[in-house]
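Enquirer: Build me a structure from this.
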Amino acid sequence: MEKLVIGIDVGGTRIRAALAPAAGGGVLRTASAGAGNPRSVLPEVLTSRLAACVAPLAEAAGTGRIAAVVAGVAGAEPRNPDDVGTRVAHAALRTALRLGGVRAVPVQIRGDTEIAFAAGPGAPSAGLVAIAGTGASAARVAGRRQTATIDGHGWLLGDEGSGFWIARQALRAALRSLDGRGPATALVGLLTAATGGGERGERALGARGGGAERAAEDGGAGRVWERDSAAPPHKADPVARIALVDAGFAGAPVEIARLCPVVVRAAAAGDAVAGAILDEAADHLAQTVAVLAPAPGEPLVTTGALLAPAGPLLPRFTARMRPYDVTPAPVPDGLAGAVALARAML
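Expert: Now for the predicted structure:
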């Protein structure tokens, strides 16, 4: 009877799981669920979501065929035996496996950086990995184990260059623009609309004679609000400011991070403020990797929505890595790496 393995990528935005033959070959079945970072998701919610992923895979595998399970977990630090995130994730996964009828199976909780790196071309065992999605971090890996980590400190204390960081910087820039403390930017109208303010952001920009499109055409950061305007920003429609402030405080970090694509679109349309935010994000990510002292030509695997294949920050980040003679190898996520590490357990 052919043995099977389960690999799981537990991220800050979603969970993905895969069932694959232990001896190698393609994935047999996948499943997914919502966000799973144990530092931002309640234990019972994490257990429920893991169970929703494990159940269809266990059913497809049949009784007694699953030989190993590896989960790479954002927010877990397996090197620390007292790490709360790792303990919560391990307990949640064990419960999810039991509910799915999978018992007495070797289980490993790994860092999300470890499975992301293992997903690189040829499943490398040593090198660097950079992740930029809802959060952001970089790590050095040796012998398939994370040996040093930079950032990944969460939305409040770090994650510089992440999707959350970009969205927060954009909200700040839009508010500064509305207040008259910063340059005009299409982000005012676009973010107000994206957060449910509808045309209010357009009216706020319209107070100086142009909407979001006009701001983008002007280069976004071309001018600060006119001080002698007939309707200066502090007298313009205040509802736009309230809508943006509410967006910053009402949602969980993962919800705020979902505004990141708005910034990417504004930058692509020529908004200079949005473009500067993306440039600074790429600077932060490059600096994070630089602390790990990249050696010329060593593997650098990247993933997360911002640095995956076709990720919006990948070209900027790649350019910033050239002085180190390191070329990023982007992968969609760490799922293939989790499968590879599960196979390596046998």
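Enquirer: Now do the helices in the stretch 151-300 of the chain.
Expert: Using DSSP state H, counting those that start in this stretch, the helices found in the stretch 151-300 of the chain span residues 163-179, 187-194, 200-206, 212-217, 239-250, 253-257, 260-268, 272-290.
Enquirer: any idea how far Ala286 lies from Val141?
Expert: Taking CB to CB, to the nearest Å as the criterion, Ala286 is separated from Val141 by 19 Å. Just so you know, the C-beta spots here come from the backbone N, C-alpha and C atoms, and that holds for glycine as well.
Enquirer: and those two? which has more neighbours close in?
Expert: Comparing Ala286 with Val141 by other CB atoms under 10 Å, the one with more neighbours is Val141, at 24 against 21.
Enquirer: Tell me if the more buried one really is in a helix.
Expert: No - under DSSP: H, G, I helix; E, B strand; the rest coil, Val141 sits outside any helix and is assigned strand.
Enquirer: Mind listing the residues bridging to it?
Expert: Per DSSP bridges, residues listed as beta-bridge partners of Val141: Gly127, Gln146.
Enquirer: is it true that it touches Gly120?
Expert: No - the pair Val141 / Gly120 is not scored as a contact, 9.6 Å apart, by CB atoms under 8 Å.
Enquirer: residues shared between the contacts of those two?
Expert: Contact criterion CB atoms under 8 Å, 6 or more residues apart in numbering; residues shared by Val141 and Gly120: 127, 129.
Enquirer: quick revisit: give me whichever of the helices of the stretch 151-300 of the chain is most buried.
Expert: helix 187-194 (a mean of 28; mean count of other CB atoms under 10 Å).
Enquirer: CA atoms only: put that helix into PDB for me.
Expert: Once non-C-alpha atoms are left out, helix 187-194 reads as follows in PDB (Å, rounded to 0.1, in the frame of the first residue of the first chain):
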ATOM      1  CA  LEU A 187      -4.800  57.300  -3.100                       C
ATOM      2  CA  VAL A 188      -7.400  59.600  -1.500                       C
ATOM      3  CA  GLY A 189     -10.200  58.700  -3.800                       C
ATOM      4  CA  LEU A 190      -9.100  55.100  -4.500                       C
ATOM      5  CA  LEU A 191      -8.800  54.200  -0.800                       C
ATOM      6  CA  THR A 192     -12.000  56.000   0.200                       C
ATOM      7  CA  ALA A 193     -13.800  54.000  -2.500                       C
ATOM      8  CA  ALA A 194     -12.100  50.700  -1.500                       C
END
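Enquirer: what angle do it and helix 272-290 make?
Expert: Interaxial angle, helix 187-194 versus helix 272-290 (axes from the mean of the first three to the mean of the last three CA atoms, to 10 degrees): 90 degrees.
Enquirer: how about JSON lines for the helices of the stretch 151-300 of the chain, with mean pLDDT added?
Expert: Output for the helices of the stretch 151-300 of the chain, formatted as JSON lines (pLDDT from 0 to 100):
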{"stretch": "helix 163-179", "mean pLDDT": "93"}
{"stretch": "helix 187-194", "mean pLDDT": "90"}
{"stretch": "helix 200-206", "mean pLDDT": "40"}
{"stretch": "helix 212-217", "mean pLDDT": "38"}
{"stretch": "helix 239-250", "mean pLDDT": "80"}
{"stretch": "helix 253-257", "mean pLDDT": "84"}
{"stretch": "helix 260-268", "mean pLDDT": "96"}
{"stretch": "helix 272-290", "mean pLDDT": "98"}
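Enquirer: wait, which of these is closest to Val73?
Expert: Closest approach to Val73 among those is made by helix 253-257 (15.2 Å; CB to CB).
Enquirer: List the contacts of the closest one.
Expert: Residues contacting helix 253-257 (CB under 8 Å, 6+ apart): 12-13, 35, 40, 133-134, 155, 162-164, 166-168, 171, 247-248.
Enquirer: 6 Å instead, please
Expert: With contacts defined as CB atoms under 6 Å, 6 or more residues apart in numbering, helix 253-257 is touched by 12-13, 35, 134, 155, 163-164, 167.
Enquirer: which stretches of the stretch 51-200 of the chain form strands?
Expert: Ranges of strands in the stretch 51-200 of the chain, per DSSP state E, counting those that start in this stretch, are 66-73, 107-111, 127-132, 136-142, 145-151.
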